[in-house]
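A.B. asks: mind folding the following:
(3 chains)
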Amino acid sequence: MSRDASRLSLILLFAPFVLWIGLLIILPQVGIGYTSLREKISWNEYSFGLKNYVDFLGEPVYRNTLLRTAWMSILVTALALVMGFPIAYYIAKIARERSRAALFLMCLIPLWVSDLVRAYGWIVLLRETGVISTALVKWGIINQPIEMLYNDMTVIIGLVYTVILFMIVPLVSTLQGMDDALLEAGYNLGGSRLTVLRRIIIPYAMPGIVSGCIITFMLTAGSYLTPILLGGKNSSWFTEQIYNQFITRYNWESGSAFGVALLVFTSFVVWAGLRLTGQSLATTVAKD
Amino acid sequence: MQKSGPLLFVYRAYMVIFFIFLVSPLVAAGVFAFNDSMFPSLPWQGFTWDWFFSPVEPKLGLFHDDRLLQGMGNSLYIGLIVATLSVAAGTCNAFLFERKQFPFKNALYVLMVVPLVIPGVILGISILVFASMVANFADAQFGLFLTWLRPGIPLVVMGQFSFLTTITSLVIAARLQKFDISLEEAALNLGASRLRVLLTVTLPFLFPAMFSAFVVAFLVSFENFNTTLMLVGSDAPLTITMYDRMVKVGSTPVLNAVSVVLMLGSGLLALLSVVAQRPKKSA
Amino acid sequence: MYDLSCADVTKSFGNFTAVRNVSLDIPSGSFFSILGPSGCGKTTLMRMIAGFETPTSGDIRIKGDSVLTLPPNKRNVKMVFQHLALFPMMTVGENIAYGLRCRGESKSDIGPKVARVLDRVGLPGSEDKQIDQLSGGQKQRIAIARCMVLEPDVLLLDEPLGALDLKLREHMKIELKQLQHQFETTFLYITHDQSEALVMSDNVAVMNAGRFEQIGSPKALYDDPSSGFVAGFVGDSNVLSGTLTEVRGDEAQVMLDGGGLILGRVCDASKAGDKVEVFLRPESLRLGAGAEGTMMAGKVESLLFNGASSRVLIRVDDQLIEVADPEQSSSLVKGADAQVRWSADRARIFARRSA
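C.D. replies: Modelled structure (predicted):
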């Protein structure tokens, strides 16, 4: 190919990328950054300043909601890892060839179903007049129906349910790449199960673990439906605050500041996680 | 791992419990669509198709509920447009990152992946804010009313496109990476023009990946809630309509019926994409 | 007129020169091979002829006309790729018809042409087969048919036998040669396998580090190599290193590094005092005592039985000498004393190869 043609095709291929990343990702982020710095003085009159952020930090409700969201997200991520790792290990290493694909597909089923349907399913199961409560009463285990919705426990279960697949999928693909001979060598050299797990399996699976944790954490912290529907109006989830500022109160300036705060905060957690484990975004998330 | 008998049994039991955990809400959402009752709950009152086909209140079936049908239509429309656009852009990105050399390639690659880790709500509000800024500017400076930059289907399309393109790019690039470049050279050598090589050799090879990227993009678009919620106007897609109903009316079995349709539809599409990705067996 | 000529072709990638001042002329209808170790620049040369790379300097002519400005899809040289590059999404027939379609030939012409070429490669009626239904050898023939149907001026073959197993490779060598006879087209064949090059070619160019070391018939390369590299690369040789002490006409004397004087023939410009290597082909060696300077004595290390290609390994000082033993008649046993002899003109002396 001649030089000119090669340049031309480079430019043509670059154009959609630049338009997409520029117009739909970078500029909008700059946009909310800009909006978050505006202070409304009167109608159609603005000045610049950090007032929105000062308000955010000064109001304990907002601050605590962000912290609560972050802690619960970390908890959900940890739970998803602990619950998901054995599943991924079973699929990748213990299951036979035939059942492996089937198990993996079964794991993916909920992925194909909308968040909304999944949350709705939990509501049908858990609410006071729901399946579990009714069944327990019928079998005489409890005397009167109990409400299992609208508490932190349920929100956490619902969130783990929603995100665990994003933990399992990268774990399976990393663990599948692991040579069984490594394990055999580990046992052969006299390692106990625990040593082999700690010294061989976990270090090998690290990129998968990190990538699963990043995705899981971001999805949890940014989730909206599950905490709202399962936690009720008092779930105090940070995305709900953003929604309220934007849609209910129509205070875009403050909502933008909240958005920036969430983005900065979650990016910080992801960055810290990457630093602690010595991985990079390109080697983990982009791999699959 | 060499597991002894009882331990393996416990392990298997855990797997079984996990899968029960995985499917139980889906089963619950599905089964009660067929319960002949006003509430999606026990006791079981007998089997019925009413929540799908009944034309009259109070058991207005899904296929006679105009709002839900309208929502489904909007979802379909948005999904097809978004999937088409994101597959087109994803294909360009795949060629860009697999075939071309340019400065800051690694940094730009990371930038390409970033939309996947930005929370959907943030993507939604940032596009909403930016679009409004542009629209306000056009209004103030030129007196133009750019209604398509106000909440509505075009903004929903843009919002979903912004993160779906990452997914389609990764899927298509993974396939392009496996492409043997000598096939293109062979075609050139046999006298084909560049365009012909692309159309007859490269794109047919990429087609399965493009197809499954399309299916995945369509499904994710159809099911998306977080980003869409911030950008939606009066033409609400199905998930938003269903959410509204859930919050305002409370749960009725017609929502279970919607769930059944959604699960069946996505199951079917997922199956299609799996079949398309599988290498053709020789007859 | 030559079907293909290269004049002083050079190709550099940055500081690295992959091909350096290569010239060759290939007469019509001949089978020409380029033989060299991997990384010697032979693939780059072929890619320049096909048009995938542009020479830094020099000229490439096909049937007398320079093709430097022609893009690859306009050159009438066709190529069989290393891994064949058959299009997996097309049937055998579509693969073969691909080039004809690109040319815009009519459907009614294409069908019979495809059928005829399939017939010629011995796979009649396999138009509708899928590529992955074919065996390795059949794929090979389809790849050739796909090119030959376009009646190219030159057919390039880039180590196409590399992926086949040994037995099939032996078989395909003969078949390729027959196909070339049948089509009467010029073949340019690239390989690192000397036996492929020797068996099939009319002429062979031996390439090393971007240059041609020698061009000649297989017999000339084998019997009369012009450099130490060719002598070492083409055919088997025992190599003894030493210093040239004296040159008298054709005959010369070498002091071996391991001690001992031997006689041989200087085949390049080496002078007395130069570091040299002596090349002795296993079949030039005979078991038994000979005259001073054309014999060595050692112990039998092992007997390698391989029918007509059987060898005896004899340890002389710290070096193993391979001796051809086609009759396996000798009653040698492992560990016995043994002597080898040769005639001085069969011991070729070349300047020592670097590294």
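A.B. asks: longest helix of the chain?
C.D. replies: No chain specified, so I'll use chain A. Among the elements of type helix in chain A, defined by DSSP state H, the one spanning the most residues is helix A:60-89.
A.B. asks: not quite, I wanted chain C
C.D. replies: With DSSP H setting the assignment, residue counts place helix C:166-183 as the longest helix in chain C.
A.B. asks: what pLDDT, on average, does it get?
C.D. replies: Throughout helix C:166-183, pLDDT has a mean value of 86.
A.B. asks: where do the helices sit along chain B?
C.D. replies: If you assign secondary structure with DSSP H, the helices in chain B sit at B:5-31, B:50-53, B:66-99, B:105-113, B:120-142, B:153-177, B:181-189, B:194-197, B:203-223, B:226-231, B:238-248, B:253-277.
A.B. asks: pLDDT wise, what is the most centrally placed residue in chain B at?
C.D. replies: Against the mean C-alpha coordinate of chain B, by CA atoms, centre = their mean, the closest residue is B:Val220 at 1.5 Å. At B:Val220 the predicted local confidence, pLDDT, stands at 87.
A.B. asks: which residues touch the closest residue to it other than its chain neighbours?
C.D. replies: Counting by CB to CB, 6 or more residues apart in numbering or on different chains, B:Leu164 is the residue found nearest to B:Val220 once chain neighbours are left out, at 6.1 Å. Glycine gets a C-beta too; all of them are placed from N, C-alpha and C. Taking CB atoms under 8 Å, 6 or more residues apart in numbering or on different chains as the definition of contact, the neighbours of B:Leu164 are B:82-83, B:86, B:217, B:220-221.
A.B. asks: residues near residue 50, how many?
C.D. replies: Since you didn't name a chain, this refers to chain A. When neighbours are counted by other CB atoms under 10 Å in any protein chain shown, A:Leu50 registers 13.
A.B. asks: could you do chain B instead?
C.D. replies: Using other CB under 10 Å, B:Asp50 is surrounded by 22 other residues.
A.B. asks: please apply the same query to A:Glu97.
C.D. replies: Counted with other CB under 10 Å, A:Glu97 comes out at 6.
A.B. asks: tell me where the stretch 251-355 of chain C has helices.
C.D. replies: Remark: helices of the stretch 251-355 of chain C are absent; assignment by DSSP state H, counting those that start in this stretch.
A.B. asks: out of the helices of chain B, deepest packed?
C.D. replies: helix B:226-231 (a mean of 25; mean count of other CB atoms under 10 Å in any protein chain shown).
A.B. asks: quick one: name the residues of the stretch 51-200 of chain A near chain B.
C.D. replies: Residues of the stretch 51-200 of chain A found near chain B, taking CB under 8 Å from any CB of the partner chain as the criterion, are A:83, A:86-87, A:89-90, A:93-94, A:103, A:105-110, A:112-118, A:120-125, A:129-131, A:134-135, A:138, A:161, A:183, A:187, A:193, A:196.
A.B. asks: give the residue spans of the chain that score low on pLDDT.
C.D. replies: Went with chain A since none was named. Low-confidence segments of chain A, defined by pLDDT under 70, are located at A:1-3, A:42-44, A:186-188, A:190-191, A:234, A:280-288.
A.B. asks: ah, no, chain C please
C.D. replies: Scanning chain C for pLDDT under 70 picks out the ranges C:329-331, C:355.
A.B. asks: around chain B, pick out the residues from it.
C.D. replies: Taking CB under 8 Å from any CB as the criterion, chain C approaches chain B at residues C:50-52, C:71-74, C:77-79, C:81-83, C:85-89, C:98-99, C:102-103, C:130, C:132-133, C:146-147, C:150.
A.B. asks: out of those, which sit inside helices?
C.D. replies: Per DSSP H, those map to helices at C:50, C:98-99, C:102-103, C:146-147.
A.B. asks: so, in contact with chain A or not, stretch B:234-244?
C.D. replies: Yes. In this structure, stretch B:234-244 sits against chain A according to CB under 8 Å from any CB; the contacting residues are B:239, B:242-243.
A.B. asks: hmm, back to that, so how far is whichever helix or strand comes after the longest helix of chain A from its chain's centroid?
C.D. replies: Once the chain leaves helix A:60-89, the next helix or strand it forms, by DSSP states H and E, is helix A:97-108. In terms of CA atoms, centre = their mean, to the nearest Å, the centre of helix A:97-108 is set 23 Å apart from its chain centre.
A.B. asks: now stretch C:192-200
C.D. replies: Its chain's average C-alpha position is 4 Å from that of stretch C:192-200, according to CA atoms, centre = their mean.
A.B. asks: what's the one helix or strand A:Ser256 maps to packed up against?
C.D. replies: When elements are defined using DSSP H and E, A:Ser256 is found to belong to helix A:252-277. Other helices and strands packing on helix A:252-277, by 3 or more CB pairs under 8 Å, 6 or more residues apart in numbering or on different chains; DSSP states H and E, are helix A:27-36, strand A:38-42, helix A:51-58, helix A:60-89, helix A:202-221, helix A:238-243, helix B:120-142.
A.B. asks: give me that answer again for 10 Å
C.D. replies: Applying 3 or more CB pairs under 10 Å, 6 or more residues apart in numbering or on different chains; DSSP states H and E, we find helix A:252-277 packed against helix A:27-36, strand A:38-42, helix A:51-58, helix A:60-89, helix A:202-221, helix A:238-243, helix A:281-284, helix B:120-142.
A.B. asks: hey, which of these is tucked in deepest?
C.D. replies: Compared across the helices and strands packed on helix A:252-277, helix A:238-243 shows the largest average neighbour count, a mean of 24 (mean count of other CB under 10 Å).
A.B. asks: may I have that one exported as PDB, CA atoms only?
C.D. replies: Below are the C-alpha coordinates for helix A:238-243, written out as PDB (Å, rounded to 0.1, in the frame of the first residue of the first chain):
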ATOM      1  CA  PHE A 238     -25.000   7.300  46.400                       C
ATOM      2  CA  THR A 239     -26.300   7.000  42.800                       C
ATOM      3  CA  GLU A 240     -29.800   7.700  44.300                       C
ATOM      4  CA  GLN A 241     -28.500  11.000  45.600                       C
ATOM      5  CA  ILE A 242     -27.200  11.900  42.100                       C
ATOM      6  CA  TYR A 243     -30.600  11.000  40.600                       C
END
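A.B. asks: closest residue of chain B to chain A?
C.D. replies: When distances are taken as CB to the nearest CB, chain B reaches nearest to chain A at B:Pro119, 2.3 Å away.
A.B. asks: buried ones among the ones in helices among the residues of chain C next to chain B?
C.D. replies: C:50, C:98-99, C:102, C:146-147 (16 or more other CB atoms under 10 Å in any protein chain shown).
A.B. asks: stretch A:214-226 close to chain B?
C.D. replies: Yes. For stretch A:214-226, a contact with chain B is found by CB under 10 Å from any CB of the partner chain, at A:214-215, A:217-225.
A.B. asks: distance check, the closest residue in space to B:Tyr14 that isn't next to it in sequence against B:Asp139.
C.D. replies: Closest residue to B:Tyr14 in three dimensions, ignoring its sequence neighbours and counting by CB to CB, 6+ apart: A:Pro86, at 6.4 Å. Counting by CB to CB, to the nearest Å, the gap between A:Pro86 and B:Asp139 amounts to 57 Å.
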